[in-house]
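K.L.:
The following block contains a protein sequence and its predicted model.
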Amino acid sequence: MKKDGEMMSALSVALTGNPNTGKSTIFNELTGARQKIGNWPGVTVDKKVGMVEYNDRKISVIDLPGTYSINARSEEEKVVSDYFRENKPDIVVNIVDAANISRNLFLTIQLMENGIPLIINLNMMDEAERHGIKIDMKKLEAAFGMPVTNTVGRSNKSVRKLLDVFTNSVMSNYKPSELINEHIEKIHAIEKSNLSTAEIEEKIISARYDLIDKIMAQAVTVTAAGKTLTEKLDSFLANGISSLVIMLAIFYLMFQISFNWVGQPLADMLGEFFEETLAPAAAESMAAAGVADWMQSLVSDGIIAGVGAVLSFVPLIFTLFICLSFLDGTGYMARVAFVMDPIMRRAGLTGKGIMPLIMGFGCAVPAIMGARAMDTHKDRMISILVTPFITCNAKVPILMLFAVLFFPDNAANIVFGMYVLGVAVAILMAKILSATTFKSHASTFLLELPPYRLPDIKTVLLEAWDKGKGYLVKAGTIIFAMSVLIWFLSNFNSDGMTDEMDKSYLASIGSTASVLFAPQGFDTWESGAAVVTGVLAKEAVVSTMGILYGADDISTEPDDAEDAASVLLATGMGTAFTPLTALAFMIFTQLYSPCVTALGTIKKETQSWKWMAFAFVYTCAVAWIASLIVYQGGKLLGFE
């Protein structure tokens with residue numbers, strides 16, 4: 001036993017393995033909530049490190065990204081390869097999916113070739129047995145010369161037994177078997193041969209599979225187990241028209257949960273608390289204490305509003321990511337990517353690119369974060385940069401208001417056209433970016449269809465927490481700063497604080513910005529100011545228009561569009577726009593810069609101010625050109 005005051009001895013453990021082997025579930029069972037989530041240097045791949053104390057040992061566990069090899073081609077492969085080149089953990093645990101042992105052993109052999117001593121952990125042994133796969137652990141241990149253990153990933157008791165293995169194993173006592181040493185000598189001979197690079201690579205891969213066949217023959221017995229549940233489900237979930245219908249139904253249900261039943265209602269309640277309860281209470285308290293007017297406004301309209309803007313997104317993000325993590329845990333998300341790959345290829349993306357685009361119809365923030373699922377840097381970046389063109393919920397109030405106000409007989413068709421425009425521009429820009437900005441980047445699509453299984457709820461909740469926490473910490477700081485900035489611009493001018501927004505810095509900026517929109521026909525300063533506030537939040541375009549045209553209490557809810565339109569029609573807004581200029585304005589607001597929340601998320605996901613600035617500039621440029629074409633084209637056709 002450790003005596004009082006005696007330091008615990010440290011032990012470092014690295015978990016590595018293929019995707020979908022239950023590695024993260026094991027990591028979560030070992031470490032629980034005692035984990036830190038960050039990014040590996042220079043990439044957007046998550047870095048997970050957790051701590052656990054056991055038998056007077058302080059064990060640091062790192063969950064390396066799931067990868068099929070260590071060839072350093074994808075970001076995940078590069079992270080794993082660099083980690084083992086630069087670090088020497090006390091124990092490396094290779095998590096192997098026992099039900100897919102033949103494929104998983106490819107990575108095991110690569111690690112052995114690089115002189116990395118392993119504990120080989122056969123996970124999901126229960127599934128292997130159901131598939132008719134029997135593994136002789138002693139023979140497998142003899143084949144590699146390394147210790148072999150087994151777990152059932154969702155069993156806490158089973159996983160905790162690994163801690164005994166960690167604390168009792170001395171890896172220096174294990175040496176590669178004669179079979180492995182012969183294989184390594186063979187690989188070295190191939191590498192020294194005079195063959196071409198491609199031929200050497202082909203022979204090395206062939207040698208690895210030959211070794212896998214030998215090991216399988218020695219240690220694994222496979223008997224016929226009949227058609228599995230996964231194969232039966234895939235007949236209609238991953239094939240034919242039925243797969244598309246079911247996919248749309250599942251996504252519809254997910255969006256209903258996130259945006260109508262749970263996430264958005266909670267977000268609205270939180271927003272109302274900040275706007276209608278906390279902000280007024282703070283203002284009253286400060287007024288009673290004799291606090292200066294500018295300070296009252298800063299706290300209630302700037303700081304509290306900024307914090308509210310950050311926190312009001314949290315229920316929505318958490319609900320959506322819980323749904324997505326649950327679906328991913330079942331194995332269904334891999335089927336979505338498989339089904340959509342032929343379609344998405346035409347847009348310059350792979351099948352996994354469909355998810356961020358679909359999520360973008362709800363909110364661009366989780367959609368941008370969802371690009372992490374993409375396999376390559378090129379696909380991630382293109383997905384992040386085109387997602388803002390999709391019609392998110394926050395754009396709907398603008399589209400509904402202008403459609404009802406200026407196209408009362410065709411409002412539904414106009415709004416639907418904006419949805420189609422967003423998708424079309426996203427696809428077009430994906431192809432353009434793929435052929436220009438990211439032309440030199442390779443795009444690969446490697447997809448495994450894991451067996452269907454019931455997700456581990458603990459893992460689902462931890463994954464949702466990881467993503468939500470990242471939004472709060474990193475994107476939230478940018479959102480808060482921008483909220484305070486917009487407050488300052490709206491309430492001050494060169495003479496100091498002002499209660500009249502039309503005399504504020506924001507009005508001056510709007511007046512300057514309006515010059516840019518003269519070719520599009522909506523060159524009033526009110527339009528310019530609304531565009532500026534729309535960067536803070538898209539729905540702010542409607543409320544800004546209401547304030548500037550003398551309708552302060554205008555609703556930003558899509559369902560109230562008709563009432564809002566009738567109010568604004570009686571103001572100067574009814575004559576400030578024609579149907580053609582209104583259409584040009586709608587197109588611009590549909591396509592221009594994502595909101596500050598999305599911009600902050602882009603900065604977080606790309607780890608680059610440059611790409612955040614690029615996203616702002618190029619979306620504004622696309623919006624400006626598109627609205628210009630519509631307005632000038634409409635004039636030429638006699639619609640003005």
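P.N.:
Looks like it came in fine.

K.L.:
ok, now how distant is residue 132 from residue 221?
P.N.:
Residue 132 is 9 Å from residue 221, where distance means C-beta to C-beta, to the nearest Å. To be clear about C-beta, it is placed using only N, CA and C from the backbone, and glycine gets the same treatment.

K.L.:
who's more crowded, those two?
P.N.:
More neighbours surround residue 132 than the other of residue 132 and residue 221, with 14 against 11 (other C-beta atoms under 10 Å).

K.L.:
packing partners for the helix of greatest length in the chain?
P.N.:
Counting by DSSP state H, the longest helix found in the chain is helix 609-636. For helix 609-636, the packing partners by 3 or more C-beta pairs under 8 Å, 6 or more residues apart in numbering; DSSP states H and E come out as helix 377-386, helix 411-435, helix 579-591, helix 596-606.

K.L.:
Kindly provide the whole-number mean pLDDT of the first one.
P.N.:
It refers to helix 377-386. Per-residue pLDDT values over helix 377-386 give a mean of 90.

K.L.:
Please apply the same query to the last one.
P.N.:
Over the span of helix 596-606, the pLDDT mean works out to 89.

K.L.:
That one versus helix 609-636: what angle between them?
P.N.:
Angle, helix 596-606 to helix 609-636, by axes from the mean of the first three to the mean of the last three C-alpha atoms, to 10 degrees: 130 degrees.

K.L.:
Show me which positions of the longest helix of the chain end up buried.
P.N.:
611-612, 614-616, 618-620, 622-624, 626-628, 630-632, 634 (16 or more other C-beta atoms under 10 Å).

K.L.:
now swap in stretch 115-122 and tell me
P.N.:
Under the neighbour-count criterion of 16+ other C-beta under 10 Å, stretch 115-122 has 116, 117, 118, 119, 120, 121, 122 buried.

K.L.:
Quote the end-to-end distance of that stretch.
P.N.:
The straight-line separation of the ends of stretch 115-122 (C-alpha to C-alpha, to the nearest Å) is 20 Å.

K.L.:
what's the answer for stretch 268-282, then?
P.N.:
Stretch 268-282 has an end-to-end distance of 20 Å (criterion: C-alpha to C-alpha).

K.L.:
Now do it, average pLDDT.
P.N.:
Rounded mean pLDDT across stretch 268-282 is 87.

K.L.:
And that stretch, what's buried?
P.N.:
270, 271, 274, 275, 278, 279, 282.

K.L.:
name the element the nearest residue to the fifth one once chain neighbours are set aside belongs to?
P.N.:
So the one you mean is residue 278. Closest residue in space to residue 278, ignoring its immediate chain neighbours: residue 304 at 5.7 Å, by C-beta to C-beta, 6 or more residues apart in numbering. When elements are assigned from DSSP states H and E, residue 304 belongs to helix 304-311.

K.L.:
Quick one: name whatever helix or strand follows that helix.
P.N.:
Immediately after helix 304-311, counting by DSSP H and E, sits helix 314-330.

K.L.:
Kindly confirm my reading that residue 21 forms part of a strand.
P.N.:
No - applying DSSP: H, G, I helix; E, B strand; the rest coil, one finds residue 21 to be coil, outside a strand.

K.L.:
where does the stretch 351-500 of the chain have low pLDDT?
P.N.:
440-446, 470-479, 482-483 (pLDDT under 70).

K.L.:
Now do the strands for it: every range, in order, please.
P.N.:
Counting by DSSP state E, counting those that start in this stretch, one finds strands in the stretch 351-500 of the chain at the ranges 492-493, 496-497.

K.L.:
For residue 350, find the nearest of these.
P.N.:
Residue 350 sits nearest to strand 492-493 of all the strands of the stretch 351-500 of the chain, at 48.4 Å, using C-beta to C-beta.

K.L.:
Neighbouring strands of that closest one in the sheet, and parallel or not?
P.N.:
strand 496-497 (antiparallel) (DSSP bridges).

K.L.:
Could you point out the helix or strand that follows the strand it pairs with?
P.N.:
Taking DSSP H and E, what comes next after strand 496-497 is helix 505-514.
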